[in-house]
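*Asks:* Structure, please.
(one chain, ligands or ions: 1)
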Amino acid sequence: MYSNQDPEEQFELNELIGEGAYAKVYKGRHKNGQIVAIKIVPSTGEIQSLIKEIQILKECQHAHIVQYYGSFYKDGNLWLVMEYCVGGSIIDLLKITQKTLTESEIAAILYHVLLGIEYLHANKKIHRDIKAGNILLDEKGTIKIADFGVAAQLIYTNADKGTVIGTPVYMSPEVISKNRYNHLTDIWSLGVTAIELAEGKPPYSHIHPVRAMFAIKNNPPQGLTNPEKWSKEFNDFVKSCLRVQVSERPSAQQLLQSPFIKQGKQDQKKLVNLIENFLNQIDEYRQSKTQGNLENIQTLISKQENSEDEEQSCGTVVECGTLVIKEEEVQSKGEKELDFVTYAKKEKIINEIIDEQLSDEQQMENMNQDERKKFLAFLHSQMEEEISKVKQKYMPKIEMLTQKIKSNESPEPTKPTKPLQQIPQTKPQLLIQTQQSQQVQQQLQQPQKIEVAVPFQVNPEVLQKLSNLKIPQIKIQNVSSPTAQLRSNPKQKVNPEYQVKQNIHSNY
Ligand SMILES: Nc1ncnc2c1ncn2[C@@H]1O[C@H](COP(=O)(O)OP(=O)(O)OP(=O)(O)O)[C@@H](O)[C@H]1O
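*Replies:* Now for the predicted structure:
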């Protein structure tokens, strides 16, 4: 799969040109002078997806798919060497140049992308992560599809439906719902990408990715925000890509015949102009970024391996890149969970989700009954977990204080009468988890008169169990609580400062 030769003997690493969730991409130079792009993933990163990317790229030879040159393993890093696209991704281009694209530029870009997608689909491959960030532009103004880390090689006509894969806002409804999906999922993502190219951002990019997934699944597809600003052909193109019914979605081949894309075919010169006009600006930007941030690349790579801060700087993984969740991961937990629950757990954004979900009734409106129930169960289990953490934090202090107060309140020690062994051993163990019962059990260990004032109500079940044991040394007084009193006499006023006292006396 990859060579164990030292890549540094063959390549010189230059500036950092991009980074994703796990990988960093550098400009590099082969000793023969050829400029290349080198994607490096530390072994702590998503090596599996890089291996997959290598596999797929090796099999692809197409003008609109980034060319693979080789891969290496060195010092815990996997290196993937590929064709260098000087313009970087279209999204880089838009950010660096602060430019918006014209409709004919968009059509020209999408024409090339569709040629690449058509090739992939004809070779039974699904990209699964089509987005502007994965569409690169080379110095000749040619578009190349990159980032095959989550691409799938299809053996059967339909993809493995158990896998939620891609970048949330670009995901098709069928992928989110974990229904069977096929190559047409790429067409949906292409529709979202078309909007991104026109508006700078894909729909739902302003909301949390997990909520975006809900919205995609439950709302009708979002077209262009201001349809009147764009031609009918472009609006039609976007609408046809974003058909919820997969069977109604056109193939790449069909879209290549659409009026909008045919126009794009005529406008290829626009892409050449685009790169020519902005190349200097892009170069300057990269160099200033490199000089400002990097003293030398080696230091950077070792930082990349160790620095947690850098990973955190891009927030949750779902927000900055591709996310892969496999069915096996979910099933290994013994249950099938909702996508968003899996996301929440995997991306450790539970609190964010809980806060956001609770404050947004609309979001709950969007859930179906089954989802509501599952979310409710999820919230319950989260709550229990948090309660138990809080208990762990406070209980030692509470117990210590209770002991101190108790020992001050009953200073005269009672004389020991019978040793512990005299407690009948045949009696069943108390299997009661409350603090009160622990106190009782502790007291049982001490051969002395026991009087415990418990400042809150004992669970009646606990008392029942104690009574059932019929231990002669213990007498249990009737329990009376404000709520019990109220139940027996609802009109009675209960002093709010009333404290329930339950006295448990030893008989020795
Ligand atoms: N061949 C290349 N030539 C020039 N720039 C590239 C090349 N490959 C990648 N880049 C730049 O590096 C960025 C990150 O690359 P890539 O998307 O492959 O990383 P990733 O970790 O797989 O990302 P993601 O988190 O989106 O999955 C790209 O957006 C692009 O700007």
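
*Asks:* what about stretch 218-233, average pLDDT?
*Replies:* The pLDDT scores in stretch 218-233 average 94.

*Asks:* low pLDDT regions in this structure?
*Replies:* For the chain, the stretches with pLDDT under 70 are 1-4, 45-46, 153-164, 179, 289-368, 370-372, 374-375, 411-460, 462-463, 465-508.

*Asks:* Within range of the ligand, give me the residues from it.
*Replies:* Within the chain, the positions near the ligand by Cβ under 6 Å from any ligand atom are 17-23, 25, 37, 39, 66, 82-85, 88-89, 92, 133-134, 136, 146-147, 149, 321-322. All C-beta atoms are positioned from the backbone trio N, CA, C, and that covers glycine.

*Asks:* And residue 28, its phi and psi?
*Replies:* Here is the backbone geometry of residue 28 (degrees, to the nearest 10): phi -140, psi 170.

*Asks:* quick one: it and residue 16 touch, right?
*Replies:* No. Residue 28 lies out of contact with residue 16 (Cβ atoms under 8 Å); the separation is 10.9 Å.

*Asks:* So for those two, which sits in the more crowded spot?
*Replies:* residue 28 (25 against 20; other Cβ atoms under 10 Å).

*Asks:* How much space separates the more buried one from residue 37?
*Replies:* The gap separating residue 28 from residue 37 is 7 Å, by Cβ to Cβ, to the nearest Å.

*Asks:* can you list residues touching both of these two?
*Replies:* 81, 84 (Cβ atoms under 8 Å, 6 or more residues apart in numbering).

*Asks:* residue ranges for the strands of the stretch 151-300 of the chain, please.
*Replies:* Assigned by DSSP state E, counting those that start in this stretch, the strands in the stretch 151-300 of the chain fall at 152-153, 164-166.

*Asks:* which residues does residue 151 contact?
*Replies:* By Cβ under 8 Å, 6+ apart, the residues touching residue 151 are 52-53, 56, 120, 125-129.

*Asks:* What is the nearest of the residues you listed to residue 262?
*Replies:* Using Cβ to Cβ, residue 120 is the member of the contacts of residue 151 that lies nearest residue 262, at 21.0 Å.

*Asks:* Could you say which helix or strand holds the closest one?
*Replies:* Using DSSP states H and E, residue 120 maps to helix 103-122.

*Asks:* Which strands border the following helix or strand past that helix, and is each parallel or antiparallel?
*Replies:* Following helix 103-122 in sequence order, the next helix or strand is strand 125-126 (DSSP H and E). Applying DSSP bridges, strand 125-126 is found paired with strand 152-153 (antiparallel).

*Asks:* Helix or strand next in line after the helix or strand that residue 29 is a member of, which one?
*Replies:* For residue 29, the element it lies in under DSSP H and E is strand 24-30. Once strand 24-30 ends, the next helix or strand along the chain (criterion: DSSP H and E) is strand 35-42.

*Asks:* Which residue is it, in the stretch 151-300 of the chain, that comes closest to the ligand?
*Replies:* Here the residue of the stretch 151-300 of the chain nearest the ligand is residue 167; by Cβ to the nearest ligand atom that distance is 6.5 Å.

*Asks:* Not counting its neighbours along the chain, what's nearest residue 85?
*Replies:* Nearest residue to residue 85, sequence neighbours excluded (Cβ to Cβ, 6 or more residues apart in numbering): residue 136, at 3.7 Å.

*Asks:* tell me the contacts of the one you found?
*Replies:* 66, 85, 87-90, 143-146.

*Asks:* please redo it, this time with the cut-off set to 6 Å
*Replies:* Residues in contact with residue 136 (Cβ atoms under 6 Å, 6 or more residues apart in numbering) are 85, 89, 144, 146.

*Asks:* Of these, which belong to helices?
*Replies:* Per DSSP state H, helices hold no members of these.

*Asks:* Only C-alpha atoms, please: export stretch 38-47 in CSV.
*Replies:* In CSV, the C-alpha atoms belonging to stretch 38-47 read as follows (Å, rounded to 0.1, in the frame of the first residue of the first chain):
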residue,chain,number,x,y,z
ILE,A,38,1.5,16.1,0.3
LYS,A,39,-1.2,15.1,2.7
ILE,A,40,0.1,14.0,6.1
VAL,A,41,-1.9,12.2,8.7
PRO,A,42,-0.3,11.4,12.1
SER,A,43,-0.9,7.9,13.2
THR,A,44,-3.2,9.2,15.9
GLY,A,45,-5.4,10.7,13.2
GLU,A,46,-7.8,9.1,10.7
ILE,A,47,-5.3,6.8,9.1
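
*Asks:* shouldn't residue 176 be in contact with residue 215?
*Replies:* No. In this structure residue 176 lies outside contact range of residue 215 using Cβ atoms under 6 Å: 9.9 Å.

*Asks:* about what we covered before: give me the secondary structure label for the residue nearest to residue 85.
*Replies:* strand (DSSP: H, G, I helix; E, B strand; the rest coil).

*Asks:* Look at the closest residue to residue 172 other than its chain neighbours and say how many residues are nearby.
*Replies:* Distance criterion Cβ to Cβ, 6+ apart; nearest residue to residue 172, sequence neighbours excluded, is residue 188 at 3.6 Å. Neighbours of residue 188 under the rule other Cβ under 10 Å: 26.

*Asks:* Go ahead and confirm residue 188 touches residue 173.
*Replies:* No. The criterion here is Cβ under 6 Å, and residue 188 misses it with residue 173 at 7.7 Å.

*Asks:* Now do the phi/psi pair for the residue of the stretch 151-300 of the chain closest to the ligand.
*Replies:* According to degrees, to the nearest 10, residue 167 has phi -110, psi 120.

*Asks:* Which residue does the stretch 101-250 of the chain have closest to the ligand?
*Replies:* Counting by Cβ to the nearest ligand atom, the stretch 101-250 of the chain gets nearest to the ligand through residue 147 (3.7 Å).

*Asks:* pretty sure that residue contacts residue 134?
*Replies:* Yes. Using Cβ under 6 Å, residue 147 is in contact with residue 134, at 4.2 Å.

*Asks:* Scan this protein for its longest helix.
*Replies:* Across the chain, the helix with the greatest residue count (assigned by DSSP H) is helix 369-409.

*Asks:* looking just at contacts, which helices and strands does it meet?
*Replies:* Packed against helix 369-409 by the contact rule (3 or more Cβ pairs under 6 Å, 6 or more residues apart in numbering; DSSP states H and E) you find no helix or strand.

*Asks:* mind redoing it with 8 Å?
*Replies:* When contacts are defined as 3 or more Cβ pairs under 8 Å, 6 or more residues apart in numbering; DSSP states H and E, helix 369-409 packs onto helix 339-347, helix 350-358, helix 435-445.

*Asks:* which of the contacts of residue 136 count as buried?
*Replies:* For the contacts of residue 136, a neighbour count by 16 or more other Cβ atoms under 10 Å gives the buried set as 85, 89, 144, 146.

*Asks:* In contact with the third one, which residues?
*Replies:* Translated: residue 144. When contacts are counted by Cβ under 8 Å, 6+ apart, residue 144 touches 64-67, 83, 85, 116, 135-138.

*Asks:* Scan those and report the most crowded one.
*Replies:* Once you tally neighbours by other Cβ under 10 Å, residue 135 ends up highest among the contacts of residue 144, having 28 neighbours.

*Asks:* Make sure that one is actually in contact with residue 108.
*Replies:* No. Under the contact definition of Cβ under 8 Å, residue 135 does not touch residue 108, with a separation of 11.8 Å.
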